[in-house]
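# A structural model of the following input is requested.
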Amino acid sequence: MEYQIFLLILLVAFIPRTILGQNVTMGKIVVEGITKIAETDENFICFTLDIWPHDECSQPNLCVWDSHASVLNVDLSLPIINKAVQAFKTLRIRVGGTLQDRLIYNIGEGFKGNCHPFEADDSLLFDFTEGCNELAGRNSIGASISASQYAKDLLKLREIVDRLYKNSQQKPLIVAPGAFFDDKWYHELVTKTGPKVVSVLTHHIYNMGAGDDPKLIYRFVNPTYLSQVSNTFKQLKNIVQKHAPWSSAWVGEAGGAYQGGAYRISDSFINSFWYLDQLGMAAFYNTKVYCRQTLIGGFYSVLKAKTLVPTPDYYGALLFHRLMGPGVLKVHNKVSTYLRTYAHCSRERSGISMLFINLSNTTEFAINVKDHMTLSLHKRRKPKHGSSSINNLGTPREEYHLTPQNGLLRSSNVLLNGKALQLTSEGELPNLTPIYKDSNSSINIATWSIAFVVIPDFVAIGCN
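Residues are numbered from 1 along each chain as shown. Below you'll find the model as predicted:
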């Protein structure tokens, strides 16, 4: 009997979601199109290249860093890497990582130091000796530097930058501190550095936990857990607004799960629940740039280290970049906490673009999108028959529905409108082709799915 029960549970776990009984919830999402509540940089999407040495692996069978994934030895001339980057047209890439704090730059002529590669040494900070590639300091936020000392270092750095670029029309930004956010520490930092020293306040996020945590996978479909990090975004936004208005907030590094990510999770469809939700959340709180760890390297890379095949997160990031413009709009969602919803001004065209993430495996949603201003007017006067915030111009709505292959959340293959996104035989990226729907019809969001929806006829005055 025990065997039969176990077998039944096992079978249910792998039943395609189309067989399971499902509910359909109809609801209304209200978008405030009269004004933007936040604005991202044009190149909001950002990826990182890390510098871990090729022999970092302590477990060969579960090697976090492939021998050619580090920026120290990656071949950036490979066609697939070039095509993956060029698909964004413009893309910000942050180069660095944990070991940058132990790097020494070989600056060519005049360099008198010893130029040796990294060597493993578990008695040292970060488990490696110093290595010769780039100029580096000997301290880091991970080493618990006080905000007061860090502020003194930044003031000195500002003096150096201003002196070196005194007669230059362009001057590099000081982007700091690249730490895990602490409200008191960051507040003290901006107070003691003062105006126009730090151009960008960066922080790192690994809120999903350790990559080897057996409970990790359940957090991706838990809306309460995903929302917890919003307090970090909110606090940093307040610091910038009240104490450092000359600066802006960036996520300098975010990989979801730390320790190089999670094996067969970070490169699978379920990771997109966290990643795309956090992109929407970060933008909502006026984060200008969000750097995903990594482009290549680790389990959390958006291009698999050994094959360079794009993961579901890569395609999600590409759609976000192409469809969601810098202007962020406020959304009122009382339908369900399992339906994550974000709205932006559409990129380089009229209307709005929306991101829907359905964390539920039992409930589909049929959503009607309304404008807040139109609803307010309707409360004061009787609405005309058929009136809507969406013009009746006949322009169809674009929909991009992402689902996991075979309904398995841990699949590393993603479907766009039911068709697998795969490289062509020539190594080209697939076309991201939408389906078209009547703009006044309901938007249907399947269980365990993600949808980008472009509504060109939505009148959003704030986007003009």
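# low-confidence ranges in this protein?
Along the chain, the model assigns pLDDT under 70 to residues 1-21, 53-68, 98-143, 374-394.
# Which residue ranges make up each domain of it?
The record's domain parsing of the chain by automatic domain parsing lists 16-36+330-463, 40-325.
# May I see the ones you listed arranged in TSV, with mean neighbour count as well?
All C-beta spots, glycine's among them, are computed from the backbone N, C-alpha and C. Output for the domains of the chain, formatted as TSV (neighbours: other C-beta atoms under 10 Å):
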stretch	mean neighbour count
domain 16-36+330-463	17
domain 40-325	18
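# so what's Y275 closest to, chain neighbours aside?
Across the structure, with C-beta to C-beta, 6 or more residues apart in numbering as the measure, the residue nearest Y275 apart from its sequence neighbours is D313 (5.1 Å).
# Apologies, that question was intended for H203.
The shortest distance from H203 to any non-neighbouring residue, by C-beta to C-beta, 6+ apart, is to F181 (4.2 Å).
# if I look at the residue nearest to Y275, how far off is D213?
19 Å (C-beta to C-beta, to the nearest Å).
# Correct me if wrong: the residue nearest to H203 contacts L201.
No: taking contact to mean C-beta atoms under 8 Å, the distance of 9.2 Å between F181 and L201 leaves them out of contact.
# For the stretch 151-300 of the chain, just list every one of the helices.
Here the stretch 151-300 of the chain has its helices, by DSSP state H, counting those that start in this stretch, at 183-193, 216-219, 223-227, 230-243, 271-284.
# let me redo that: the stretch 301-450 of the chain
Assigned by DSSP H, counting those that start in this stretch, the helices in the stretch 301-450 of the chain fall at 312-323, 372-380.
# what sits against Y436?
P396, R397, E398, E399 (C-beta atoms under 8 Å, 6 or more residues apart in numbering).
# That one pairs with what?
Per DSSP bridges, residues listed as beta-bridge partners of Y436: E398.
# got the contact list for the residue lying closest to P404 once chain neighbours are set aside?
Using C-beta to C-beta, 6+ apart and skipping the chain neighbours, the partner closest in space to P404 is F269 (3.7 Å). Listed by C-beta under 8 Å, 6+ apart, the contact set of F269 reads P312, L402, T403, P404, Q405, L408, L409, R410, S411, S412, N413, V414.
# R410 versus F269, what's the distance?
When distance is defined by C-beta to C-beta, F269 is 7 Å away from R410.
# overlap in contacts of the two?
By C-beta under 8 Å, 6+ apart, F269 and R410 have these common neighbours: P404.
# export the helices of the stretch 151-300 of the chain to TSV and tack on distance to S442?
As requested, the helices of the stretch 151-300 of the chain are exported to TSV (distance: least, C-beta to C-beta, whole Å):
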stretch	distance to S442
helix 183-193	42
helix 216-219	30
helix 223-227	22
helix 230-243	28
helix 271-284	21
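# And those: which comes nearest I29?
Among these, the nearest to I29 by C-beta to C-beta is helix 271-284 (13.4 Å).
# what angle separates that closest one from helix 312-323?
An angle of 30 degrees separates the directions of helix 271-284 and helix 312-323 when computed by axes from the mean of the first three to the mean of the last three C-alpha atoms, to 10 degrees.
# contact partners of helix 271-284?
Contacts to helix 271-284, defined as C-beta under 8 Å, 6+ apart, come from residues 37-38, 40, 44-45, 205, 208, 219-221, 226, 229-230, 233, 251, 254, 256, 265, 290, 292, 300, 311-313, 316-317, 320, 324, 328, 340, 342, 344, 355, 357, 359, 402, 414, 450.
# cool, and stretch 180-189?
Contacts to stretch 180-189, defined as C-beta under 8 Å, 6+ apart, come from residues 141, 147-148, 150-151, 154, 177, 179, 198, 201, 203-206, 232, 235-236, 239, 243.
# So which of the residues you listed are in strands?
P177, A179, L201, H203, H204, I205 (DSSP state E).
# and of those residues, the nearest to G97?
Nearest to G97 among these, with distances taken as C-beta to C-beta, is H204, at 10.5 Å.
# any idea how far Y186 is from that closest one?
Taking C-beta to C-beta as the measure, H204 and Y186 are separated by 12 Å.
# what does A179 give?
Distance of A179 to Y186, given as C-beta to C-beta: 8 Å.
# which residues are common contacts for those two?
Overlap between the contact sets of A179 and Y186, as judged by C-beta under 8 Å, 6+ apart, is given by H203.
# just to revisit the earlier point, narrow the contacts of helix 271-284 to those in strands?
By the criterion of DSSP E, membership of these in strands covers 38, 45, 205, 251, 254, 290, 292, 324, 328, 340, 342, 344, 355, 357, 402, 414, 450.
# Contact partners for D41?
If you count contacts by C-beta under 8 Å, 6+ apart, D41 has them with R92, K288, V289, P326.
# Over to R349?
P456.
# what's the distance between it and Q293?
31 Å.
# One more: G194?
Applying C-beta to C-beta, one obtains 31 Å for the distance of G194 from Q293.
# sorry, back to before: identify the contacts common to F181 and L201.
Common contacts of F181 and L201 (C-beta under 8 Å, 6+ apart): L236.
# Report the contact partners of K156.
Here K156 is in contact with no residue (C-beta under 8 Å, 6+ apart).
# And it, how far from H204?
The gap separating K156 from H204 is 23 Å, by C-beta to C-beta.
# what do you get for M26?
The gap separating M26 from H204 is 40 Å, by C-beta to C-beta.
# Over to K184?
With distances taken as C-beta to C-beta, K184 is found 17 Å from H204.
# element containing the closest residue to V335 other than its chain neighbours?
Sequence neighbours aside, G27 is the residue nearest to V335 in space, at 3.3 Å (criterion: C-beta to C-beta, 6+ apart). Secondary-structure element containing G27, defined by DSSP states H and E: strand 23-32.
# Provide the strand pairings for that strand, with the direction of each partner.
Strand pairing for strand 23-32, determined by DSSP bridges: strand 324-333 (antiparallel), strand 363-371 (parallel).
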